[in-house]
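**Q** Okay, here's the prediction I keep looking at, along with the sequence it came from:
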Amino acid sequence: MATDAIITLERLRCIRESDGTGHSEPYIWPTLLSIDDNTLATPLLVGVSAPALGNARVVIKNDMRAGQTADIPASVGVLRVRFEDGLAIRRLILAVALWEEDETPEAAMRAGFQAFSGELRAAVADNLFALSQASDEETDAIIETIKTRVSNRVRSAIENGLTGWQKARVLIGTLNLDDIIDSAFRSFPDLLSTPIALAFRAGSSNDYEIQGNLQVRPVRVDRCQARVNAVKAAQSVVDGVDQEIRQLQTELQHASPGEKPFIISEIKRIREEDLADAMAALDNARVALSICRSRIPPVFPDTVVAIASDRAAGNKGGVDEKEIQGFKTKTFFDNSENVAVTIASDGKSTIVAVPKTAISRRNQMGDDEYKCLKACKDIADLESRLNCILLCPVTKQYQVFIF
């Protein structure tokens with residue numbers, strides 16, 4: 001089974017800061033490097049995961065002062081790598097640069113951001129063998145060498161991203177470029193879940209700390225993932241057609257009298273042809289997904305056991321048992337007396353119904369709901385049976401499975 005390694009940088013704590021304005025606007029550049037059998041078989045040797053370019057300068061907190069703590073946005077705080085099953089080598093290296101926002105132009109800052117992850121990967125790759133054999137002291141020295149190399153490359157990229165006029169402003173002191181506070185590295189030779197603490201101390205003037213964690217967990221494979229992807233793709237097509245219609249409607253509001261008939265006819269054509277085809281494809285994709293889900297029964301033991309435990313402990317949660325339309329039914333309800341799950345069987349077929357929203361105990365499924373589902377249960381063709389179930393009003397409130 002494949003394994004996901006997820007780095008979550010949760011909080012930034014400012015212990016001491018010395019920005020010239022008396023406050024700080026910190027942001028981070030995190031990069032997660034991965035080394036495994038697959039990356040070592042490529043010319044680059046090392047895999048890289050980093051935030052999108054548009055997140056090159058996400059300020060964690062404006063006007064941050066000593067003693068304050070701020071949550072790190074997920075856009076820059078979450079990095080993940082997936083390792084395939086059966087790998088002999090699985091290692092991670094986390095590098096985070098902490099910056100102070102000032103006035104670096106966006107284009108130059110993005111150039112530096114791209115250089116950071118690219119040069120970091122190249123520098124680690126060039127020192128990969130040395131890192132694998134080094135003592136703790138030697139490792140610290142290699143990391144300092146990597147830091148210097150990456151820092152020089154980033155500063156060069158930022159400088160090259162400035163226009164001539166911007167360089168002149170820097171020279172005369174009217175353009176204050178963003179400051180690098182410090183950078184921190186953390187190696188994970190063993191792929192195990194663990195807390196993370198990173199310290200950023202630029203001499204005695206700045207002192208920050210990042211708290212987070214590494215989570216390692218197996219990938220749960222959805223056997224209907226291809227159907228899920230098909231629904232997403234079909235929905236994307238529908239959304240695109242809807243957007244096209246909205247754009248034409250906007251154009252219609254500002255069109256001249258001579259242009260309006262064509263725009264109106266085009267909107268009508270798109271609705272009747274393109275949108276109809278896209279909706280039909282989406283409906284088919286949804287049906288195929290529902291059929292796939294119906295072949296793979298959900299598992300509810302945790303819900304049933306939890307409710308039974310509540311009941312044994314004297315809480316309100318419990319189960320109603322009835323016989324309706326030839327089915328022996330059990331409706332489990334929670335401590336708030338809302339339906340958790342309903343299970344019904346006639347000895348040949350089993351109906352499982354899970355509420356889509358909160359449904360009170362007194363509004364649980366009754367004679368009409370079971371009568372409709374009873375008419376569907378013996379239909380041999382799976383797609384026809386599914387269509388029959390979807391036509392039952394109960395499916396508006398419940399996700400229903402018949403086995």
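**A** Looks like it came in fine. Numbering: from 1, shown residues only.

**Q** For the closest residue to residue 237 other than its chain neighbours, give me its contacts.
**A** Computed as C-beta to C-beta, 6 or more residues apart in numbering, the closest residue to residue 237 that is not its neighbour in sequence is residue 278, at 4.7 Å. Heads up, the C-betas are built off the backbone N, CA and C, glycines and all. The contact partners of residue 278, by C-beta atoms under 8 Å, 6 or more residues apart in numbering, come to 234, 237-238, 240-241.

**Q** Export these as a markdown table, with columns for secondary structure and pLDDT.
**A** Shown next, in a markdown table, are the contacts of residue 278 (DSSP: H, G, I helix; E, B strand; the rest coil; pLDDT from 0 to 100):
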| residue | secondary structure | pLDDT |
| --- | --- | --- |
| 234 | helix | 91 |
| 237 | helix | 93 |
| 238 | helix | 92 |
| 240 | helix | 91 |
| 241 | helix | 92 |
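
**Q** ok, of the residues you listed, which come out buried?
**A** 234, 237-238, 241 (16 or more other C-beta atoms under 10 Å).

**Q** what two of those residues have the greatest distance between them?
**A** Using C-beta to C-beta, those reach their maximum pairwise distance at 234 and 241, which is 11.0 Å.

**Q** which residue ranges form the strands in the stretch 301-403 of the chain?
**A** In the stretch 301-403 of the chain, the strands defined using DSSP state E, counting those that start in this stretch lie at 318-324, 327-333, 339-345, 350-355, 398-402.

**Q** Pop out the phi and psi values for residue 348.
**A** phi -110, psi -40 (degrees, to the nearest 10).

**Q** For the stretch 1-150 of the chain, which segments count as helices?
**A** Counting by DSSP state H, counting those that start in this stretch, one finds helices in the stretch 1-150 of the chain at the ranges 37-40, 74-77, 106-126, 128-133, 136-160.

**Q** Just give the number of residues close to residue 185.
**A** By other C-beta atoms under 10 Å, 18 other residues sit near residue 185.

**Q** wait, which of the buried ones among the contacts of residue 278 is closest to residue 374?
**A** Residue 374 has its nearest neighbour among the buried ones among the contacts of residue 278 in residue 234, at 32.0 Å by C-beta to C-beta.

**Q** how about that closest one, what does it touch?
**A** 278, 281-282, 284-286.

**Q** go on, residue 185?
**A** Contacts for residue 185 (C-beta under 8 Å, 6+ apart) come out as 93-95, 143, 146-147.

**Q** Of those, which is the most crowded?
**A** Among those, the one with the most neighbours (other C-beta under 10 Å) is residue 95, at 27 neighbours.

**Q** For that residue, which residues count as its bridge partners?
**A** Following DSSP bridges, residue 95 is listed with bridge partners residue 31, residue 185.

**Q** now do residue 5
**A** For residue 5, the beta-bridge partners are residue 81, residue 216 (DSSP bridges).

**Q** My read is that residue 56 contacts residue 109, right?
**A** Yes. Between residue 56 and residue 109 a contact is recorded at 5.6 Å, counting by C-beta atoms under 8 Å.

**Q** Compare the two (neighbour count), which wins?
**A** Using other C-beta under 10 Å as the criterion, residue 56 and residue 109 rank with residue 109 on top: 23 against 20.

**Q** what residue ranges in the stretch 201-350 of the chain score low on pLDDT?
**A** Low-confidence segments of the stretch 201-350 of the chain (pLDDT under 70): 202-204, 291, 293-317.
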